[in-house]
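Student: Following is a predicted model, sequence given first.
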Amino acid sequence: MIEEPFRFVEAIANRREYIETQIASGSPIVALNYGGGVLLCTLGRERQKIFEVYDRIAMGAIGHPGDIERLRMTAIELASTEGFTRSAGDVSLRRMANYSISPALKAAFEQIYGAPYLARVLFVELGAEASQNTFLRVDYDGSIQTNGTPFTKSRTEFAVLGGTRASAELMERFLKEKHHGGATLKDALDVALDAWTVGYLALDASEDEAETMPAEDKIRDTRKEQLAHATVEAAILEQGAASHITFRSVTEEELRPLLGDNA
């Protein structure tokens, strides 16, 4: 009997290590405020990673495609049910995450004889104004990180997803220095792709290198190399849109001219 708690702790540790290994190579995702709303951006070659969930809510995810799809459908069903039974204005990202999505992920993670979700998820919700936009991440174990609560004095205007924690932390450091919320779409895209490159470089770096910010020329050269072989996936949540439809996918044809010589 005494050994049982220790076996559980060991099983959880092994489970965490397995999941981290499975999602470690996931292409980073960057979401940030800009002058027209929120930009979500990543690079990929095959699978979609950025989705619309509801009128003011978008989602980005890395991990196993099947688990991402299950979480996407769960989020859509939760938002649609809430909007139908009450009103669209009553749909709350925080309530969805805290009372439904996070508990489901936590339960799956701790049921060591069942399959966990191999995914990290980022949600973005438009507020009445840019300072009220919510960025919220839910990890595979149900843990939640958000850019602020009603009780905090300051809120960050961006969020990232990385395949590793070191990758995400380095991207956040970069954005704290380079990002500003009133940027044009062109400038926001430029900063987002640089942040993506920082996260991408950290994925294959050694433990010490993953904590060191790459040089500007390294970021520029790697970004140009990746853009030559991958597709830019981006979407916008438009602040102050005339209709309830605020989510808009940005096409490759629209994005490439904004990249200029950096493409």
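Tutor: Nice, thanks for sending it over. In this text, all values refer to a predicted model and were calculated from it rather than measured experimentally.

Student: tell me, how many neighbours does Ile236 end up with?
Tutor: 21 (other C-beta atoms under 10 Å). Any C-beta I mention is one placed from the backbone N, CA and C, and that applies to glycine too.

Student: Off-centre distance for the host helix or strand of it?
Tutor: Ile236 is part of strand 231-238 when elements are defined by DSSP states H and E. Centroid separation for strand 231-238 versus its chain: 12 Å, with C-alpha atoms, centre = their mean, to the nearest Å.

Student: cool, stretch 96-106 as well?
Tutor: Its chain's C-alpha centre and that of stretch 96-106 lie 16 Å apart, by C-alpha atoms, centre = their mean.

Student: Over to stretch 115-124?
Tutor: Put simply, stretch 115-124 sits 9 Å off its chain's centre (C-alpha atoms, centre = their mean).

Student: thinking again about what came up before, paired strands for the strand holding Ile236, with orientation please.
Tutor: strand 37-44 (antiparallel), strand 247-250 (antiparallel) (DSSP bridges).

Student: Can you give me the buried ones in it?
Tutor: By neighbour count on 16 or more other C-beta atoms under 10 Å, the buried set for strand 231-238 is 232-238.

Student: tally of neighbours for Phe109?
Tutor: 20.

Student: Touching, it and Pro116? I think so.
Tutor: Yes: between Phe109 and Pro116 there is a contact under C-beta atoms under 8 Å: 4.8 Å.

Student: Common neighbours of the two, please.
Tutor: Common neighbours of Phe109 and Pro116 are listed as 15, 19, 140 (criterion: C-beta atoms under 8 Å, 6 or more residues apart in numbering).

Student: out of these, which is most surrounded?
Tutor: Counting neighbours by other C-beta under 10 Å, Tyr140 leads the shared contacts of Phe109 and Pro116 with 23 neighbours.

Student: what does stretch 75-92 contact?
Tutor: 53-57, 59, 95-96, 100-101, 123, 125, 244.

Student: show me where the stretch 1-150 of the chain has strands.
Tutor: Counting by DSSP state E, counting those that start in this stretch, the stretch 1-150 of the chain has strands at residues 29-34, 37-44, 50-54, 57-63, 119-125, 134-138, 144-146.

Student: Save those strands as JSON lines, and put in mean neighbour count, mean pLDDT and distance to Asp187 too.
Tutor: Formatted as JSON lines, the strands of the stretch 1-150 of the chain follow (neighbours: other C-beta atoms under 10 Å; pLDDT from 0 to 100; distance: least, C-beta to C-beta, whole Å):
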{"stretch": "strand 29-34", "mean neighbour count": "28", "mean pLDDT": "97", "distance to Asp187": "7"}
{"stretch": "strand 37-44", "mean neighbour count": "24", "mean pLDDT": "95", "distance to Asp187": "10"}
{"stretch": "strand 50-54", "mean neighbour count": "21", "mean pLDDT": "96", "distance to Asp187": "20"}
{"stretch": "strand 57-63", "mean neighbour count": "25", "mean pLDDT": "96", "distance to Asp187": "20"}
{"stretch": "strand 119-125", "mean neighbour count": "25", "mean pLDDT": "97", "distance to Asp187": "19"}
{"stretch": "strand 134-138", "mean neighbour count": "24", "mean pLDDT": "96", "distance to Asp187": "19"}
{"stretch": "strand 144-146", "mean neighbour count": "16", "mean pLDDT": "93", "distance to Asp187": "25"}
